[in-house]
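> Show me the folded form of this:
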Amino acid sequence: MVKLSIYMVVYNEELRIERTLQALQGIADELIIVDSGSTDKTLEIAKRYHAKIYFHEWKSYCDQKHYAESLCTNEWVLLLDADEVISKELLEEIKTIKKSPQYKAYKIKIVDMFPKDKKASKYARQFNPVRLYSRKYGVMPADKMNKDRVELQEGIEIGQMKSFIYHYSFLNIEQTLDKYNRHSTELQKTWKKEGKKVGWFRLIIEYPWQFLHYYIGHRYIFRGKQGFIYASLLAYFRFLKVAKSFE
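I've put the predicted structure just below:
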């Protein structure tokens, strides 16, 4: 039986973090939370779940998560965001893996949830990153700015979890716009470091192209009014990222 450390970075997540922490009961041998200066009840809630809480000044998503990972005392770790909730089925899968891991790292499907969703839509956008891994074979890098993805040693075989993490990224339109404004600024830092340039034509086409990308490509068209609203907001986020490069 391996022990599991779960790590996450937080900032003013009082409206979402309790649901995230409740879902982890039964698999977390250690819970590491790194905060960058919350002023709400986030840390008060985290303490109720016996989390080890640390402060780390914000530099980038990667740097923050790298620091949180470095505080874990166990070889096996699970990376979660404060707006992500593991399903009951995934909880049981992780319990089984803890008994005898067959791989050195596992991908977990993450499915987006809209504010009014009672269950995951078959049309929901999904992504499938590595989130559960042995630190002997994987690491969250510190120097990739906001490209916060686990890096693995070449050649290792990666397992695939069958169950989901539910991603409650959207609380309401105001919160979503605030988030996208901050996040687009963070991504601009990455572009600047990489020396990336964008042209005038991209500024013109970015919003309509990205709207079609989400509304049609990601099938938001099948998700009613919420699909139209959040496809529009995601397109606006992508537009902001480009627009800020001209400031």
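
> okay, CA-based contacts and neighbour counts for the rest of this
OK.

> what about the longest strand in this protein?
strand 158-167 (DSSP state E).

> list the buried ones in it?
Neighbour-count burial for strand 158-167, counted by 16 or more other CA atoms under 10 Å, picks out 159, 161, 163, 164, 165, 166, 167.

> could I get those residues as CSV with distance to residue 187?
Shown next, in CSV, are the buried residues of strand 158-167 (distance: CA to CA, whole Å):
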residue, distance to residue 187
159, 30
161, 29
163, 30
164, 27
165, 24
166, 24
167, 20
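
> ok, back up a step: pull the CA atoms of the longest strand of the chain into PDB?
Extracted C-alpha coordinates of strand 158-167, given in PDB (Å, rounded to 0.1, in the frame of the first residue of the first chain):
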ATOM      1  CA  ILE A 158       1.300   5.800 -18.500                       C
ATOM      2  CA  GLY A 159      -1.900   4.400 -17.200                       C
ATOM      3  CA  GLN A 160      -5.400   5.800 -17.900                       C
ATOM      4  CA  MET A 161      -8.000   6.200 -15.200                       C
ATOM      5  CA  LYS A 162     -11.600   5.300 -16.300                       C
ATOM      6  CA  SER A 163     -13.400   7.800 -14.100                       C
ATOM      7  CA  PHE A 164     -13.500  11.600 -14.000                       C
ATOM      8  CA  ILE A 165     -12.600  14.800 -12.200                       C
ATOM      9  CA  TYR A 166     -15.400  17.400 -12.400                       C
ATOM     10  CA  HIS A 167     -14.100  20.800 -13.200                       C
END
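
> Which single one of the buried residues of strand 158-167 is nearest to residue 220?
Within the buried residues of strand 158-167, proximity to residue 220 (CA to CA) peaks at residue 167, which comes in at 15.6 Å.

> residues touching the closest one, list them.
Residues counted as contacts of residue 167 (CA atoms under 8 Å, 6 or more residues apart in numbering) are 83, 84, 85, 110, 111, 112, 113.

> What distance do you get for it to residue 86?
9 Å (CA to CA, to the nearest Å).

> buried ones in the lowest-mean-pLDDT helix or strand in the chain?
Ranking every helix and strand in the chain by mean pLDDT, DSSP states H and E puts helix 173-194 at the bottom, with a mean of 87. Buried residues in helix 173-194, counted by 16+ other CA under 10 Å: 176, 177, 180, 183, 184, 186, 187, 188, 190, 191.

> do stretch 91-98 as well
91, 94, 95, 98.

> Now for the most centrally placed residue in the chain: which residues touch it?
In the chain, the centroid-proximal residue (CA atoms, centre = their mean) is residue 81; its distance is 4.7 Å. Contacts for residue 81 (CA under 8 Å, 6+ apart) come out as 8, 9, 10.

> and which of those is nearest residue 29?
residue 8 (14.2 Å).

> so the closest one sits in a strand?
Yes - according to DSSP: H, G, I helix; E, B strand; the rest coil, residue 8 belongs to a strand.

> How many residues are close by it?
18 (other CA atoms under 10 Å).

> List the residues that contact it.
32, 33, 34, 65, 68, 79, 80, 81, 82.

> Looking at neighbours, which among these is most surrounded?
Neighbour max across the contacts of residue 8 (other CA under 10 Å) = residue 65, 27 neighbours.

> What does the pLDDT read for it?
Residue 65 is assigned 97 on the pLDDT scale.

> Which neighbouring elements make contact with the helix or strand where it lies?
Taking DSSP states H and E as the definition, residue 65 sits inside helix 61-70. Identification of packing neighbours for helix 61-70 by 3 or more CA pairs under 8 Å, 6 or more residues apart in numbering; DSSP states H and E yields strand 4-10, strand 30-35.

> now the angle between helix 61-70 and the first one, please.
Think strand 4-10. 150 degrees (axes from the mean of the first three to the mean of the last three CA atoms, to 10 degrees).

> So which bits of whichever helix or strand comes after strand 4-10 are buried?
Sequence order places helix 17-22 as the next helix or strand after strand 4-10, per DSSP H and E. Buried residues in helix 17-22, counting neighbours by 16+ other CA under 10 Å, are found at 17, 18, 20, 21.

> Okay then, goodbye and thanks.
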